[in-house]
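Colleague: okay, predicted coordinates and the sequence, questions at the end:
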Amino acid sequence: MFLFGLVNVFAGDPLTKTAPPSYFNLASASTDGADDAGDGADGADGGTGPASALPKTGLLPPGVGGQIAGTVHAASDDSPVGRILVIAYREGRGGRLVPVSSGATQSDGSYTLAGLFPTDYRLKFSAKGYDEVWYPDARRAGGAEPVTAEAQTSVGPVDVTIDGQQGSISGVVEQGDTQPVPTQVTARLLDGSEGTTPAARTVTDADGGYELTGLRAPGTYEISFVADGYRAASVVQRLAGGEDRIQPAVVLSAGGGEVSGTVRGEDGPLGGVTVTTDVGGQPVSVVTPTAGTVGAFSLQDLPTPGTYVVTFSAEGYGEHVEIIDLGPGESRTGFDQRLEAGSGSVTGVVRGPGGKPLGNVEVVVGGAVTTEGTAPTSTTLTTGSVGSYALNDLPVPGDYTLTFTAPGFAPETRPFSLTAEDPSETPGPGADHPARRSHRQDHPG
């Protein structure tokens, strides 16, 4: 009976042992026993395991592992911050923190770390231009609070506020073909946290350049530009953390100018006078009224800065020419002009070699005298309409000469005549007078 019992015991099939899929390690194919992940688990034995086996290190499949999700906001204006690197650490051997998962925030500031084993993690948030922060608001890992991931569960929101480093905005203000006018440049943060107090303010340098520094970032700023005689302008610019942004050149347009006043004759205000100038190659003219505000005129909306040749003409009075420079947004009001009966004028431009206009050239009329007993004299403009000149109140009819002199140039004399039919004349061929440079070194002209 004893032997029969032994035979029956040992003759039966041994009990089958079954290992669950999680028993098999698929995280590594190494066979040296290394702890690649640093979490205390030895390396794999090289086996493949069943198809449903799960890794013991690294990340789990998203549907099985846990998730941590949240949003990153800026401390400066509470706006969502994109492109922030988020790294999840867990403790390995000896308490050493090992990075096991990472991701980046989207444009709306959101992030998701998936496939996490159920354990505690510490989260670090960092990017260029931002101060590194550990959840929730620590500057180092030692002050971070752990976040526990749960299998097949999304933990959150795990939100963080990050500090951006200060930034700057620089650029150039252009004001057309004129000497730059100092421009006040002001930056205001648009989120309203600073009220109406400017975040930064400066004045452009001699070349129109400016730089606004020490700006809180990230932030959206309104940059305003104000200069005397120019229309105010503004731009809106978004500044990322630590960014030194170069703003495209800002072009300021000058306000419209005006020339106005009253034309007078020997007996007072004079009506029926035609006042003419040129704007963009097109003549613009007004006629002084003969009733009401007799003699009044106004040339408005003149582009500035600019130089205008204004001609006053009336039957029996000939023409009177004035060259008027208008600065940015400048208006010349109260510009009273007197016309003398039987008088004319001469205008033109003096040019040097190559056709370049010459300023500071003395122009003297021969054959006429002023009330002071001297010859009428003018000097060509050095700014605005360079090289231009105008001489008025010349008796009509009359034959005259014009003499042009300038240092380093030979004198030039041209004859011209004024007649009653055309009391305004530009002598010589057209309105230009070429000046020839002297080749004699000892020539005083």
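Modeller: Looks like it arrived, so ask away. Numbering: from 1, shown residues only.
Colleague: mind giving me the domain split of this protein?
Modeller: The chain breaks down into these domains under automatic domain parsing: 66-162, 167-251, 255-341, 343-445.
Colleague: can I get the ones you listed in CSV including mean neighbour count, distance to V7 and mean pLDDT?
Modeller: In short, each C-beta sits where N, CA and C put it, glycine included. Formatted as CSV, the domains of the chain follow (neighbours: other CB atoms under 10 Å; distance: least, CB to CB, whole Å; pLDDT from 0 to 100):
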stretch, mean neighbour count, distance to V7, mean pLDDT
domain 66-162, 17, 49, 92
domain 167-251, 17, 83, 87
domain 255-341, 17, 118, 86
domain 343-445, 16, 127, 74
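Colleague: which one, of those, ends up nearest to N8?
Modeller: Between N8 and the domains of the chain, the shortest gap by CB to CB is with domain 66-162, which sits at 46.2 Å.
Colleague: so what's the gap between that closest one and the chain middle?
Modeller: Mean C-alpha position of domain 66-162 versus that of the full chain (CA atoms, centre = their mean, to the nearest Å) differs by 36 Å.
Colleague: my read: G306 touches G384, true?
Modeller: Yes - between G306 and G384 there is a contact under CB atoms under 8 Å: 7.1 Å.
Colleague: who touches both of those two?
Modeller: Taking CB atoms under 8 Å, 6 or more residues apart in numbering as the criterion, G306 and G384 both touch D325.
Colleague: tell me which element V9 is part of?
Modeller: Assessed by DSSP states H and E, V9 sits inside helix 2-11.
Colleague: likewise G348?
Modeller: strand 343-351.
Colleague: following element in sequence after that strand, please.
Modeller: Trace forward from strand 343-351 with DSSP H and E and the next one is strand 362-366.
Colleague: in the stretch 51-200 of the chain, which spans are strands?
Modeller: Using DSSP state E, counting those that start in this stretch, the strands of the stretch 51-200 of the chain run over residues 66-74, 85-91, 97-104, 110-116, 120-126, 133-134, 147-148, 154-155, 160-162, 167-174, 184-189, 200-203.
Colleague: could those strands go into TSV alongside distance to I324?
Modeller: Listed next are these as TSV, based on distance: least, CB to CB, whole Å:
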stretch	distance to I324
strand 66-74	54
strand 85-91	64
strand 97-104	63
strand 110-116	63
strand 120-126	63
strand 133-134	64
strand 147-148	75
strand 154-155	75
strand 160-162	59
strand 167-174	25
strand 184-189	28
strand 200-203	29
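Colleague: for L299, find the nearest of these.
Modeller: Nearest to L299 among the strands of the stretch 51-200 of the chain is strand 167-174; the distance by CB to CB comes to 26.6 Å.
Colleague: once you drop chain neighbours, what's closest to P283?
Modeller: Using CB to CB, 6 or more residues apart in numbering and skipping the chain neighbours, the partner closest in space to P283 is T276 (5.9 Å).
Colleague: over to T413?
Modeller: Take T413 and drop its neighbours on the chain: the residue closest to it by CB to CB, 6+ apart is T403, 4.7 Å away.
Colleague: returning to that earlier point: of the strands of the stretch 51-200 of the chain, which approaches S224 most closely?
Modeller: Among the strands of the stretch 51-200 of the chain, if distance is taken as CB to CB, the winner is strand 184-189, at 4.9 Å.
Colleague: so in that sheet, which strands flank that closest one, and in what orientation?
Modeller: Looking at strand 184-189 with DSSP bridges, its partner strands are strand 200-203 (antiparallel), strand 219-226 (antiparallel).
Colleague: what's the helix or strand that comes right after the last one packed up against?
Modeller: Read that as strand 219-226. Counting by DSSP H and E, the next helix or strand C-terminal to strand 219-226 is strand 233-239. Helices and strands touching strand 233-239, by 3 or more CB pairs under 8 Å, 6 or more residues apart in numbering; DSSP states H and E, are strand 167-174, strand 219-226.
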